[in-house]
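Chemist: Take this sequence and fold it.
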Amino acid sequence: MFYVPLSSQPAIDITKLVQKKLGQDVICKQAVECVRIDEGKRFLRYAAIVERSREHGLFIFTSSRIPCLQSSDLSLEVIIAVDSGFRHKADYHLHLRSADKHVLLELPRLDTSTAFLTKIVSLTKDRKQTFQWLEKYRRECQVFDETDSRTSNSSNPFADDVFDPLRHVSQSQGVTQAKTAGSRQTTWYEDSTPIASQPTASNSALQPSHRSASRDSLDKSVNTYEEFTDSMESVQKQLGISWSVEFNSAEKPASSREKFVRQFLIERENEFTNVQYLKVFCGTWNVNGRSPLEPLNKWMVVDNEPPDIYAIGFQELDLSKEAFIFADSPKEAEWQDAVMSYLHPKAKYKKVKSVRLVGVLLIVYIQEKHVPNISYIDSDSVPTGIMGILGNKGGVSIRFTLYSTSLCFVNSHLAAHQDEFERRNSDYRDIMSRTRFKQFEPPLEISEHDIVFWIGDLNYRIDLPIDEVRTCIKKEMYTRLLEEDQLYGLLQASSDVFKGFEEGTPKFDPTYKFDSGTNNYDTSEKNRVPAWCDRILWRGPNVKQHRYNSHPQLRISDHKPVSSLFTVGVRVIDQKLYKKVYEDIMKHLDRLENDYLPQIKLDKTECVFKDVKFIESQSQVVTVVNIGQVPVEFEFINKLDDPTYCKPWLKATPSKHYIQAGSCCEVTVEVYVDKATVAKLNSGEEKLEDILVLHLAGGKDSFITVSGNFLSSTFGSSIEALVQMHGPIREVPVADLLEIEQPGSLNRLDIAQDGGRLYMVPKEIWKLVDFLHRNGLDKEDLFQQPGRNSEIQLIRDCLDTGKPDRIPDNLSVHSVAEALLMFLECLAQPVIPFNLYSQCMASCNNLMLSKQIVSHLPDCHKNTFLYICAFLRELLQHSAKNGLEPKFICIMFGEVMLRPPPLSTPNKGQASVKDRRSRLREEETKKSAFVYHFVSQDLNL
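Modeler: Numbers count the residues shown, from 1 in each chain. Now for the predicted structure:
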C-alpha cells in the first residue's frame, strides 16, 4: 500500500555517511535508501554511486539499525562495477547486471530517487577501465558475508522482541521489518488489507499441476538481462512479485515501529488520500467447450470510453476427459488470443495475470498507464469437484493492489442441476475458506480485500415450472422470475452465502439453457428450465454499476455471455498530507511505548473435544481480552523445532491479531481430521493432543491445551487390519485395533489356532462397490460429479458402525462414488503398497512385468486390486450410458491405488514449477498405464 522511506524521520544525509565509511580515496557522488528484492523477499538497503579516477561503481550497503544514523552502522554487501558489461533498466525498480552480478532494487518515488536514476543513466563506460581499486572494498564484502554466516545460527530469534503497542499488522500490511536470527537483513512487505488465518491443509498435492501459467503477463519472472522487455513479465520481475513469500521456521519478525504504524495510517487514511475513479469491465461466459468462432467485440466493447480494467471469466473452457484430470488445454490459448484481440481499441492494455483450473479461466488486463501503480499480484485456485480435487467445478482468483486499494476478482463454476442448491452454497463456502494468496504471510483471504468482484456460472436456478418461466420471459416479467431466483433469495436473506455482496437487477432474459447456435431455449429431451446461471456480483465501497447486460448475439454456446461495467473508486495518496499524519503518529507512538505495558486475559486455557469423527469438524471459542491500557498484538508461535504452531488436524483462527485497549478477540480453535491425518490417528501413532503457545508481543506467553478422543474410522485403516475385522470398527477394542494396525499383523495371525476367518477384500470396499453396482452402472457423470458432504458423513457412519447393514439406496450415487475414491486414498498403505511404487512406474508399459508385480502382492492387497479392476471393467461395459472412458477411469483410480511414498515427494524448492508439473504429468500417465493392463482385460493371476 505505502512505501515509507524509513529514514524519513530525521533527515539523514546518507551520502555523507557513505563518504565517511569509505574514506577519502573515493568520492560518493550520491546515495539513496532503497529496497533489494531477492527471491521475492525485500530487504532494506542503501545504494551509492562511488567514483575514483573517472571509474564508477555501485555500492550496496546494509545497516545494523533503522534508520542509519552513523557510518559505523553501514556494512558493504554488493559492489557492481560500471564497466562495459554493466546493464541496467530503471523505472523506480532498478535492474542492475554485470558480468557476475544481478541485482534488483526498488526506490521510493521521491526526487532523490529520480536524481539517482538520472545519474545511473549518465554514467560512461570504457572498455579500457580496470577497476582495480574495487578489490579492496570487495574483500570487505566477503568478510561481512562470513561474519554474518557465523552468527546467523546462534542468536535467539526472540532476542529483539520488545514491547511495541502498535505491533498488530501482519507482514503484508505494512512496511515491516523481519530480522533473521543474528542477521542484519531487514525484510518488509506492503499491502492495504488485514491478513487471514492459517491456511487449511485440505488442498490436494495435485494442485500445483493444474494451475496454468499466464503468458506475457505480470506473473512470470525474468531471469536474464536479454529478457528485459516492455512486456508484463519484466514488470513482474521489477515489482519483485513471487509465487510465495514465507518466513523460514527459524525466523521471526523483529519488533519494528514502521510495521505497527501501519494500523494508525489505515485508520487515518482519509486524512491523506483522495479517491480516483476508474472503469472496470467484468464479463463471464460458459462456452460449453467451444472455440471462439465469433467476434467478441459485441460482448467486450460496451462503451465508447475504454475501461481501465478488464476481468474476463470463462467456464467449461474444455470438456474433454483429459482436461478433467488437470492436463493442459489447447482451448486456453484460443480464448486467451481471442480476448486480447477484442480489448477496447481506444486504449493499450497489459495482461496482469491469468489463472486456469481445468475449464475455469480468469484473465485480467489493465491499461498501460496504470502499470506503475499496480503491485502484489497473486492468484489461487480451489477445485470443488469430486473429492475436492477434480477441477470440473471450482473457483479461480486474482488479486492485486492498485494505488492504495486492494482488489480481488473471483471466477467460479458452482454445482449444476436444479436441486443442488445446497451443494452450490457449499461450493461457495469452500472457495471462500480455501482460497489463499500465499505471497503473504499468513496467506491472504478473499474477504480481506477492499473490493471483490465475483463472476461466473453460479448455476442458481429459478424455482418455477418451465411453462411459467417461459411465459414470464416472453412478457419480460423479470420481477416475477427474480422472486423465485435462488441467488436473489440468498442476497435478500441473512445467509452466510455471498454475505455483503450486491448484484444489479437482471433486466435481460435468462442466459441458460439454449440450443447451441440459436436463441431458442432448450428443446432437447431434458428440456431445462431457463435460469440466470451467469452472474456478476461485487462487494466493497465506492463501486457503482452502470451496465448489466447479456449478449444474445453470441450463439456458439448453450449459455449467453454476460457483462457489467462499473465505476470504482481507488485511494491515491497525497504525499504531503501523508507525511504530516505519519509524523503525528510517530510522536503518539513514542508516548505509548514509554507509558504502558501489554496485558491480556483468556476466558479458558483448555479445549477438550469429545468423539471427534473423520471429516467432521468441531470448534470451541477462546476469548482473548485486552485488560491493559494500550493496544496489543498476539500470535500463535511454533514450539521449539516444530514447523508450524500446531498439529495438522488443529487450527486457530485468527492465528495473529491486534486488540485495542478494553476490547477482546474471539479465537476459534478447530479440530478437523482429514485424509492426511486420519491414518496416524487410527494406528495410535498420533493422538489428539497439542499445546497452543499464544505469544504476546512484549508480554508473557499464554498456553492453551487441546485434547480429545478420536473415534476410529475404517477411513484411514489398513487393508491388513480391515480384512481381520469381523464386526464394525467401532466395536473393536482399542487395544485390539492398535495391534492389528501394526505392520505384519497378518503374518502373526494363526487362523487355525485362533479360529475365525479373513475377508478376501475389506467388507467396507465391498459395500461401496456393491451399491455402485446396483445403482450406478448406467449413471451419467459417475466419478465426475461431486457428492454431498452430509451424505458422505452418513456413509462413513454406516461403514464404521455397521448400522444400517448396507448403504441406504436413497443416497446419491455420486456421494458413494466419491466415498469409494476417498476410502482408497485414505488407506494407510495404498492398494499397491508404497514399497512397490517405483517398480510399478518402471514396468507400467510392460504387461508381463506388471502382472508379476501384482502376483507378488500380499493376498489382501492383490484381491482388493483385482476386485476393483473387475468392477471398473464392468463399468466400462456400460460406457454407452454412463459416458465413462478407459483413460479417465484409469487416471482416477491410478491416483488413489498407486501413491508415491510420502518421503519421495520432491522438495518444491529444488525444481521449477514447470519441472514439477512435468513430473506429475509423467507419473500420472504411468499410473494410468499400469492400471489399464488390468482394466482392459481379465488377467488370471
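
Chemist: Report the mean per-residue pLDDT for stretch 479-490.
Modeler: In this model, stretch 479-490 has an average pLDDT of 96.

Chemist: what's the spacing between that stretch and its chain's center?
Modeler: Remark: stretch 479-490 is offset 32 Å from the chain centroid, using CA atoms, centre = their mean, to the nearest Å.

Chemist: Buried residues of it, list them for me.
Modeler: Using 16 or more other CB atoms under 10 Å as the test for burial, stretch 479-490 gives 481-482, 485-488, 490. Backbone N, C-alpha and C define where each C-beta goes, glycine included.

Chemist: same thing with stretch 468-478?
Modeler: 469, 472-473, 478.

Chemist: so is Q439 in a helix, a strand, or just coil?
Modeler: With DSSP: H, G, I helix; E, B strand; the rest coil as the basis, Q439 sits in coil.

Chemist: Let's see the pLDDT reported for it.
Modeler: 84.

Chemist: My guess is it contacts S379. True?
Modeler: No: counting by CB atoms under 8 Å, Q439 stays clear of S379, with 9.4 Å between them.

Chemist: farthest pair in the buried residues of stretch 479-490?
Modeler: L481 and L490 (15.3 Å; CB to CB).

Chemist: if we can go back for a sec, which of the buried residues of stretch 468-478 lies closest to Q19?
Modeler: Nearest to Q19 out of the buried residues of stretch 468-478 is Y478 (CB to CB; 73.6 Å).

Chemist: Spatially nearest residue to that closest one, not counting backbone neighbours?
Modeler: Nearest non-adjacent residue to Y478, counting by CB to CB, 6 or more residues apart in numbering: K507, 6.0 Å away.

Chemist: ok, now R899?
Modeler: Leaving out its chain neighbours, the residue that sits closest to R899 by CB to CB, 6+ apart is P830, at 4.4 Å.

Chemist: same deal with L444?
Modeler: Going by CB to CB, 6+ apart, L444 has F437 as its nearest residue, at 4.2 Å.

Chemist: got the contact list for that neighbour?
Modeler: 378-380, 397, 399, 443-445 (CB atoms under 8 Å, 6 or more residues apart in numbering).

Chemist: Select only the buried ones of these in PyMOL?
Modeler: Selection of buried members from the contacts of F437 for PyMOL, criterion 16+ other CB under 10 Å:
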select buried, resi 378+379+380+397+399+443+444+445
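
Chemist: Return the member of the contacts of F437 nearest to D419.
Modeler: Nearest to D419, judged by CB to CB, of the contacts of F437 is S397 at 27.8 Å.

Chemist: for the helix or strand hosting the closest one, packing partners?
Modeler: Using DSSP states H and E, the element containing S397 is strand 394-402. With contacts taken as 3 or more CB pairs under 8 Å, 6 or more residues apart in numbering; DSSP states H and E, strand 394-402 sits against strand 349-357, strand 360-367, strand 374-383, strand 405-413, helix 421-434.

Chemist: which one of the ones you listed is the most hemmed in?
Modeler: Burial of those is given as mean neighbour count (mean count of other CB atoms under 10 Å); strand 405-413 ranks first at a mean of 27.

Chemist: Relative to it, what are the paired strands and their orientations?
Modeler: Strand pairing for strand 405-413, determined by DSSP bridges: strand 394-402 (antiparallel), strand 451-457 (parallel).

Chemist: any chance of those strands in CSV, plus distance to R921?
Modeler: Listed next are the strands paired with strand 405-413 as CSV, based on distance: least, CB to CB, whole Å:
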stretch, distance to R921
strand 394-402, 20
strand 451-457, 27
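
Chemist: Ok, which of those comes nearest E635?
Modeler: Nearest of the strands paired with strand 405-413 (CB to CB): strand 394-402, 23.0 Å.

Chemist: and the closest one, C-alpha only, in PDB?
Modeler: Output of strand 394-402 as PDB, limited to C-alpha atoms (Å, rounded to 0.1, in the frame of the first residue of the first chain):
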ATOM      1  CA  GLY A 394     -14.400 -24.700  -8.500                       C
ATOM      2  CA  GLY A 395     -13.100 -21.200  -8.500                       C
ATOM      3  CA  VAL A 396     -10.000 -19.200  -9.500                       C
ATOM      4  CA  SER A 397      -9.000 -15.800  -8.100                       C
ATOM      5  CA  ILE A 398      -6.600 -13.000  -9.000                       C
ATOM      6  CA  ARG A 399      -5.800 -10.200  -6.500                       C
ATOM      7  CA  PHE A 400      -3.600  -7.100  -6.700                       C
ATOM      8  CA  THR A 401      -3.200  -3.700  -5.100                       C
ATOM      9  CA  LEU A 402      -3.900  -0.700  -7.400                       C
END
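
Chemist: Mean confidence (pLDDT) on it, please.
Modeler: pLDDT averaged over strand 394-402 gives 96.

Chemist: Can you give me the buried ones in it?
Modeler: Residues of strand 394-402 classed as buried: 394-402 (neighbour count, 16+ other CB under 10 Å).

Chemist: Three-state assignment for C28, please.
Modeler: strand.

Chemist: From G894, how far out is the residue lying closest to Y837 once chain neighbours are set aside?
Modeler: In space, and not counting its chain neighbours, Y837 is closest to P900: 5.3 Å by CB to CB, 6+ apart. Distance, P900 to G894, using CB to CB, to the nearest Å: 12 Å.

Chemist: Compare the two (neighbour count), which wins?
Modeler: Neighbours of P900 and G894, each counted by other CB atoms under 10 Å, are more numerous for G894; the result is 25 against 16.

Chemist: where along the stretch 651-800 of the chain do the helices fall?
Modeler: Assigned by DSSP state H, counting those that start in this stretch, the helices in the stretch 651-800 of the chain fall at 678-683, 719-722, 734-740, 751-754, 763-775, 789-801.
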